[in-house]
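**Student:** Fold the following.
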Amino acid sequence: MRRLPCLATAMMLVAAPIGTALAQGAPLNVTPNLQAPPKARAADPAPAPGPAAQGQKPTVERVNAYFNGIVGFSADFAQTGPDGRRWEGKLYISRPGKLRFEYRPPSPLEIISDGRTVAVRDRKAATQDEYLVGQTPLKFLLRDQIDVARDSKVVSLTQQGSDAVLVLEDRQTVGGTSRIRLTFNNADMALKQWIVTDPQGYDTRVQISNIDTSHRPSASLFVIPARITTPN
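**Tutor:** Numbers count the residues shown, from 1 in each chain. Modelled structure (predicted):
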């Protein structure tokens, strides 16, 4: 079975975020580093947390509130596969259910979800593989009402410096159990990146930036074409 590019992760996917169809190579260490950052040496003053982060602990409720407050957004993404190759592009999400990953050349990939089906399109090979949204590890990010603990097992939620790190496990993805590690800015719970460890043990990292929540992306972005053609 072909491994899917990361959704999200997510991203959530999120894309996304699912293993990468482009990645080849040996499996990476799939055990997330859940240890707290090392303590500062006695001679070094510990950095003071920002005012917004003081007194606010990362909670599942804060994560849910952040996602449920967004109806749609666009962002830049950078995806790093298990073999170290890096791909960039544009991510569009319109809840519930719709997302689009537009990879910049030389990647021939395009990922579109119309709310029910996720299509992984390879323009170079002229192939289009389709999956149900519920088979993807970042499916919870696309629901009408998001509750990360309802659709996945919460392994841990910790504060690491100025970040909040949420680790989820999903047993219903294509091929078996996936693990998703999401990193947020703890001050406002804004999503920064996610790492999907697919059932084969491969890690795919997706970092997002320049998030624009002021406009809901056009509905035309989430239409899955009936045919795929190779570029001239």
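**Student:** Low-confidence stretches in the chain?
**Tutor:** For the chain, the stretches flagged by pLDDT under 70 are 1-55, 137-138, 140, 172-176, 227-232.
**Student:** quick one, strands of it?
**Tutor:** Ranges of strands within the chain are 72-80, 86-94, 98-103, 109-114, 117-122, 127-132, 153-160, 163-173, 176-185, 190-197, 203-212, based on DSSP state E.
**Student:** could you check the angle strand 190-197 makes with the longest one?
**Tutor:** Okay, so that is strand 163-173. For strand 163-173 against strand 190-197, the angle by axes from the mean of the first three to the mean of the last three CA atoms, to 10 degrees is 40 degrees.
**Student:** Sheet partners, orientation included, of strand 163-173?
**Tutor:** strand 153-160 (antiparallel), strand 176-185 (antiparallel) (DSSP bridges).
**Student:** Likewise for the fifth one?
**Tutor:** Using DSSP bridges, the strands paired with strand 117-122 in its sheet are strand 109-114 (antiparallel), strand 127-132 (antiparallel).
**Student:** For Ile146, which of these is the nearest?
**Tutor:** strand 109-114 (15.3 Å; CB to CB). Just so you know, the C-beta spots here come from the backbone N, C-alpha and C atoms, and that holds for glycine as well.
**Student:** hang on, the earlier thing: would you list the strands paired with strand 163-173 in TSV and tack on mean neighbour count and distance to Val206?
**Tutor:** Formatted as TSV, the strands paired with strand 163-173 follow (neighbours: other CB atoms under 10 Å; distance: least, CB to CB, whole Å):
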stretch	mean neighbour count	distance to Val206
strand 153-160	15	18
strand 176-185	21	10
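**Student:** Select, out of those strands, the one closest to Phe101.
**Tutor:** Here strand 176-185 is closest among these (CB to CB), at 16.2 Å.
**Student:** quick one, that closest one and strand 203-212 angle?
**Tutor:** Going by the same axes, to 10 degrees, strand 176-185 makes 40 degrees with strand 203-212.
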